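J.: The amino acid sequence is not available; the structure is as follows:
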């Protein structure tokens, strides 16, 4: 049966077993850009259904309150996960000017 996605068997770009990042990158941390919707503590979920229900609950509350999504950077490393709130570019430029004084 032919596959739906045709790709070169020699090309390793689609191979999920080959890691995208080397070992040193995990020590320093890998950064992902995302939009933060919310968080909810799920005490020891027993199944995937509980996790999905918590995610839907967060999304529903977010839409009901009509809150704007916040741009964040998620840093994943061996030390843990950090969520860093991104600032506006104009605000960063003003802060840089103040720092140089």
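T.: Noted; the coordinates are in hand. Because the structure is a prediction, the values reported are computed rather than measured.

J.: Verify the assumption that residue 72 is located in a strand.
T.: Yes. Counting by DSSP: H, G, I helix; E, B strand; the rest coil, residue 72 is part of a strand.

J.: show me the residues around the spatially closest residue to it that is not a sequence neighbour that make contact.
T.: Nearest residue to residue 72, sequence neighbours excluded (CB to CB, 6 or more residues apart in numbering): residue 36, at 4.5 Å. For the C-beta atoms, the positions are set from N, CA and C on the backbone; glycine is no exception. Applying CB atoms under 8 Å, 6 or more residues apart in numbering to residue 36 gives the contacts 69-72, 83, 85.

J.: Weed out the non-buried ones from the residues you listed.
T.: residue 72 (16 or more other CB atoms under 10 Å).

J.: Pull the most distant pair out of the contacts of residue 36.
T.: 69 and 83 (13.2 Å; CB to CB).

J.: circling back: beta partners for the residue nearest to residue 72?
T.: residue 70 (DSSP bridges).

J.: so where's the chain uncertain?
T.: Where the chain drops to pLDDT under 70, the residues are 1-23, 88-101.

J.: can you give me the strands for it?
T.: 30-36, 70-77, 80-85 (DSSP state E).

J.: Out of those, which is closest to residue 60?
T.: The closest of the strands of the chain to residue 60 is strand 30-36. By CB to CB, the value is 16.1 Å.

J.: Hey, what's the angle from the closest one to strand 80-85? Just curious.
T.: Strand 30-36 runs at 50 degrees relative to strand 80-85, counting by axes from the mean of the first three to the mean of the last three CA atoms, to 10 degrees.

J.: Please determine how far residue 67 is located from residue 43.
T.: Using CB to CB, to the nearest Å, residue 67 is found at 25 Å from residue 43.

J.: Between those two, which is the more surrounded one?
T.: Ranked by neighbour count (other CB atoms under 10 Å), residue 67 and residue 43 place residue 67 first, with 11 against 5.

J.: can you point me to the longest helix in the chain?
T.: If you go by DSSP state H, the chain has its longest helix at helix 48-65.
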